[in-house]
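Enquirer: Predicted model, plus sequence, below.
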Amino acid sequence: MGGFKAVLTAAVCASALCLPTATEAVAPASASTGPSEPGAPAATPRPVLDARAARSPRVVFAGRTKARAVVRLQERRTSSWRTVAQRRATKTGRFRIVLTRPAKATTYRVKAAGRVGPQRQVAPAAAAAPRTPAPTPAPQVTAQGPSDACGPRPKRAEGGYYACTFRDDFDGTALDRSRWMVQETSFSGMYGGSDGCYVDNDRTVRVDGGLLRLTSTILPEPFVCASPYGSFTTRAEVSTVATRSRFTQTYGRFEARLRFPAESGIAGSHAAFWLYPQEHTYGAWPHSGEIDVAEWFSGLPANVYPSVHYAGENTALSSGYNCAMPTASSAFHDYAVEWTPKVMRFYYDGRLCYTHAWTPSDRKAPQPFDQPFYLVLTQVWGMSWNSRSAAMPDTSTLLVDWVKAWS
């Protein structure tokens, strides 16, 4: 069972919601831009970043280094470098890391195989070059017809009605482990958000009152977070549950009724309802794809963000920036995606707010979105521009009323 959980958690944490962290002292500028760090093998190539990507709400760091090397993206603090993301380079040495654009000017660097690449300064979101936003689609209410196990059957845009394949109303007193698996750092070695230890306990994952409650917690005292890659000390607990190997599906409608954490407008909390591939058929993230049905940041509470991630995505187009949900933290809302072989349609409270047809750079659509994906619900502490502020309470909870799927 432990090995099985390791497979789940490693897969779940391939996204930006689960990131290892570390801190290093800041060396003089010459040490960051010179040929190597002390003790590094002379034959190891220095990691190189590609040309800067165009301004967008997300920042892409792509480049090349030693084949299969672990690449760490680090941001500069006052007196140290902090790892904010980690990926493994491909067999040809290519790597790609995507971050949300920081709220203030931030200096980054990449480190791989004992070598440090050049520094890069990223302008804040507010300083991004203005662009004309795409017009918001006219609201379209999803029609409903006959009922089945999921309730009223949504009507397909292509004709006919969807049929229920999955439903969990969380009406019991405990999580249904035949449907959901809980992410645990002790099996995967992965962290969630900023220094978050994935723990399976009543604080992080709880079902009562007809709701699933996923909670991030800052404990009063540090604890040792067990990890197969080296235990570490933290005060942060975080939570993720997924249907990996319990329920997977290719195409269809996937929907959850959620109330995002109450800490709206206070930086530090990050929650999401998303889909992730059962197998990395086309390679590690983002080559096998990811579908973010609803992603919420407490530091940007006015909107909830749908996204479609894949190799070669244009980040200015692959996320929906016009899905306003000002009461996401004070009321329950329905968040859905209709996934077809040609297009993803995202509906919030039954109204179409974003549509995306993917054009991957490394293969032909419908790949990579032609494989089974599973459901994921995540509540972690924020990072980078959405890091915890002093005003953020020590707990933050995502409430889930139900999750449904149709084919």
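Expert: Received, thanks. Numbering: from 1, shown residues only.

Enquirer: For the closest residue to P326 other than its chain neighbours, grab the count of nearby residues.
Expert: Spatial nearest neighbour of P326, chain neighbours left out: A302 (5.5 Å); criterion: CB to CB, 6 or more residues apart in numbering. C-betas here are computed from N, CA, C, even on glycine. Counted with other CB atoms under 10 Å, residues neighbouring A302 total 11.

Enquirer: And the pLDDT at A302?
Expert: You'll see A302 listed with a pLDDT of 93.

Enquirer: That one contacts A324, correct?
Expert: Yes. Applying CB atoms under 8 Å as the test, A302 and A324 come out as touching, 6.1 Å apart.

Enquirer: that older thread, how much space between the residue nearest to P326 and A316?
Expert: For A302, the distance to A316 equals 19 Å [CB to CB, to the nearest Å].

Enquirer: How about R179?
Expert: R179 is 36 Å from A316, by CB to CB.

Enquirer: same check, this time on E279
Expert: E279 is 29 Å from A316, where distance means CB to CB.

Enquirer: now V337
Expert: Distance, V337 to A316, using CB to CB: 20 Å.

Enquirer: neighbour count winner among the two?
Expert: V337 (23 against 17).

Enquirer: Which helix or which strand is home to the more buried one?
Expert: Assessed by DSSP states H and E, V337 sits inside strand 333-339.

Enquirer: Show me what that strand is packed up against.
Expert: strand 252-259, strand 269-277, strand 290-297, strand 344-348 (3 or more CB pairs under 8 Å, 6 or more residues apart in numbering; DSSP states H and E).

Enquirer: Just the CA trace of it, in CSV.
Expert: Coordinates of each C-alpha in strand 333-339 appear next as CSV, following Å, rounded to 0.1, in the frame of the first residue of the first chain:
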residue,chain,number,x,y,z
HIS,A,333,-20.8,27.9,-6.0
ASP,A,334,-20.7,25.2,-8.7
TYR,A,335,-17.5,24.8,-10.8
ALA,A,336,-17.5,22.6,-13.9
VAL,A,337,-15.6,21.7,-17.0
GLU,A,338,-16.9,20.0,-20.1
TRP,A,339,-14.0,18.1,-21.7
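
Enquirer: Any idea how many residues pack against P47?
Expert: P47: 24 surrounding residues under other CB under 10 Å.

Enquirer: What of D169?
Expert: 14.

Enquirer: Skip the chain neighbours and tell me the closest residue to it.
Expert: Closest residue in space to D169, ignoring its immediate chain neighbours: W402 at 4.7 Å, by CB to CB, 6+ apart.

Enquirer: ok, now T233?
Expert: With sequence-adjacent residues excluded and distances taken as CB to CB, 6+ apart, T233 is closest to P222, at 4.9 Å.

Enquirer: Quick check: can you name the pairing partners of the helix or strand hosting the one you found and their directions?
Expert: Assigned by DSSP H and E, P222 belongs to strand 211-225. Paired strands of strand 211-225, with direction, are strand 205-208 (antiparallel), strand 232-242 (antiparallel), strand 395-406 (antiparallel) (DSSP bridges).

Enquirer: Output those strands in JSON lines, with distance to A328, mean neighbour count and mean pLDDT appended to each entry.
Expert: Formatted as JSON lines, the strands paired with strand 211-225 follow (distance: least, CB to CB, whole Å; neighbours: other CB atoms under 10 Å; pLDDT from 0 to 100):
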{"stretch": "strand 205-208", "distance to A328": "21", "mean neighbour count": "18", "mean pLDDT": "98"}
{"stretch": "strand 232-242", "distance to A328": "19", "mean neighbour count": "22", "mean pLDDT": "97"}
{"stretch": "strand 395-406", "distance to A328": "11", "mean neighbour count": "22", "mean pLDDT": "98"}
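
Enquirer: thinking Y276 is in contact with E290, fair?
Expert: Yes. In this structure Y276 lies within contact range of E290 using CB under 8 Å: 5.8 Å.

Enquirer: separation between P368 and K91?
Expert: Taking CB to CB as the measure, P368 falls 18 Å from K91.

Enquirer: Which residue of the two possesses the greater neighbour count?
Expert: Neighbours were counted for P368 and for K91 using other CB under 10 Å; P368 has more, 24 against 8.

Enquirer: The more buried one belongs to a strand?
Expert: No. Secondary structure of P368 (DSSP: H, G, I helix; E, B strand; the rest coil): coil, not part of a strand.

Enquirer: Enumerate the positions of stretch 169-181 that are buried.
Expert: Across stretch 169-181, burial judged by 16 or more other CB atoms under 10 Å covers 170, 175, 179-181.

Enquirer: Please look at G192 and Q183 and confirm they touch.
Expert: Yes. Look at G192 against Q183 with CB under 8 Å: they come within range, at 7.3 Å.

Enquirer: Bridging across strands, which residues link to V182?
Expert: V241.

Enquirer: In contact with it, which residues are there?
Expert: V182 sits next to 175, 198, 200, 204-205, 239-241 when contact means CB atoms under 8 Å, 6 or more residues apart in numbering.

Enquirer: again, but for H287
Expert: Shown in contact with H287 (CB under 8 Å, 6+ apart): 280, 310-311, 362, 368.

Enquirer: how about a cut-off of 10 Å?
Expert: By CB atoms under 10 Å, 6 or more residues apart in numbering, the contact list for H287 reads 90, 96, 277, 280-281, 309-312, 360-363, 367-368.

Enquirer: Tell me the one among these nearest to T78.
Expert: Checking those against T78 with CB to CB, the nearest one is R96 at 28.5 Å.

Enquirer: Could you verify my assumption that the closest one touches G63?
Expert: Yes. Using CB atoms under 10 Å, R96 is in contact with G63, at 8.2 Å.

Enquirer: what's the burial count for F297?
Expert: Other residues near F297 come to 20 when the count uses other CB under 10 Å.

Enquirer: just to confirm, which helix or strand has the residue lying closest to D292 once chain neighbours are set aside in it?
Expert: Distance criterion CB to CB, 6+ apart; nearest residue to D292, sequence neighbours excluded, is S307 at 4.1 Å. Following DSSP H and E, one finds S307 within strand 305-309.
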